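Enquirer: How does the following fold in three dimensions:
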Amino acid sequence: MARYIGPKSKISRKFGEPIFGADKVLEKKNYPPGHHGIARKRKKVSEYGTQLSEKQKAKSTYGVLEKQFHRTFEEAARMGGITGENLLKLLECRLDNVVFRLGLAPTRAGARQLVSHRHITVNGEVVNIPSYSLKIGDVVSVREKSKSMESIQESLAGHRNRYAWLEWDGNSMTGKFMAKPEREDIPENIKEQLIVELYSK
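Expert: Predicted coordinates:
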């Protein structure tokens, strides 16, 4: 599947915030990339442009491509309740996102790689599909032969579980998906209502 593999700082500068984590480049250049970056920062953006930008930011944050993102939105709309919140909840249920939230990787891209390379199990079975949607009660673990991986050990060393919907056992390197998170528990700065408005046009 196609993935953006260029400089992450350019994406962060495009949205004006560190969507992939702390970014020194963004601190120095807090304007969009490109020759006319500063001029573009001052230019007034249309309502459609603001909505589109918010959707692109959500896609970049969770590492989801257009087709998959649209399918997720349609599923969120069918669920009943607040569509925007449902969308974020579904994105949070992705296996790569939960691996990232558990601290097994410092970024979602790193978590996606762990899943793709068969280092992660769900309920004891290897799952190598990053978009796999977890259900309440599912147990996510590191494969026995992968527990000593340096990248995993380093990531866990600086991580503390801060999410009420996830339960982590450091001794067995196992996490449990306890519940779908509420909107206030999702720290990402995404205005999901703008995405709903965009798709409603």
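
Enquirer: so who does the most centrally placed residue in the chain touch?
Expert: Nearest residue to the geometric centre of the chain (Cα atoms, centre = their mean): Y62, 2.9 Å. Applying Cβ atoms under 8 Å, 6 or more residues apart in numbering, we find Y62 in contact with L91, R94, N97, R108. In this view, the C-beta of every residue, glycine as well, is placed from N, C-alpha and C.

Enquirer: Just the closest of the residues you listed to E85, please.
Expert: Nearest to E85 among those, counting by Cβ to Cβ, is L91 at 10.9 Å.

Enquirer: The closest one contacts F73, correct?
Expert: No. With contact defined as Cβ atoms under 8 Å, L91 does not reach F73; the gap is 9.9 Å.

Enquirer: before we move on, the earlier item: look up how far S172 lies from the residue nearest to the centre of the chain.
Expert: 27 Å (Cβ to Cβ, to the nearest Å).

Enquirer: same thing with R183?
Expert: From R183 across to S172, the span is 31 Å (Cβ to Cβ).

Enquirer: same question, R118
Expert: 19 Å.

Enquirer: And I136, by the same measure?
Expert: I136 is 20 Å from S172, by Cβ to Cβ.

Enquirer: chain center to stretch 123-136, what's the gap?
Expert: Centroid separation for stretch 123-136 versus its chain: 16 Å, with Cα atoms, centre = their mean, to the nearest Å.

Enquirer: cool, and stretch 169-188?
Expert: Mean-position distance between stretch 169-188 and its chain equals 13 Å (Cα atoms, centre = their mean).

Enquirer: Export it to CSV, keeping only CA atoms.
Expert: Output in CSV follows, covering the C-alpha atoms of stretch 169-188 (Å, rounded to 0.1, in the frame of the first residue of the first chain):
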residue,chain,number,x,y,z
ASP,A,169,1.1,-5.6,32.1
GLY,A,170,4.8,-4.8,31.7
ASN,A,171,5.9,-8.2,33.0
SER,A,172,4.2,-10.2,30.3
MET,A,173,4.3,-7.3,27.7
THR,A,174,0.5,-7.7,27.3
GLY,A,175,-2.2,-5.0,26.9
LYS,A,176,-5.9,-5.4,27.1
PHE,A,177,-8.4,-3.3,25.1
MET,A,178,-10.8,-2.5,27.9
ALA,A,179,-13.2,-0.1,26.1
LYS,A,180,-13.6,2.3,23.2
PRO,A,181,-12.3,5.7,24.4
GLU,A,182,-14.5,8.6,25.0
ARG,A,183,-13.8,11.8,23.0
GLU,A,184,-12.4,13.6,26.0
ASP,A,185,-9.9,10.7,26.5
ILE,A,186,-8.4,11.1,22.9
PRO,A,187,-5.6,13.7,23.1
GLU,A,188,-5.3,14.5,19.4
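
Enquirer: Nice, that's everything, thank you.
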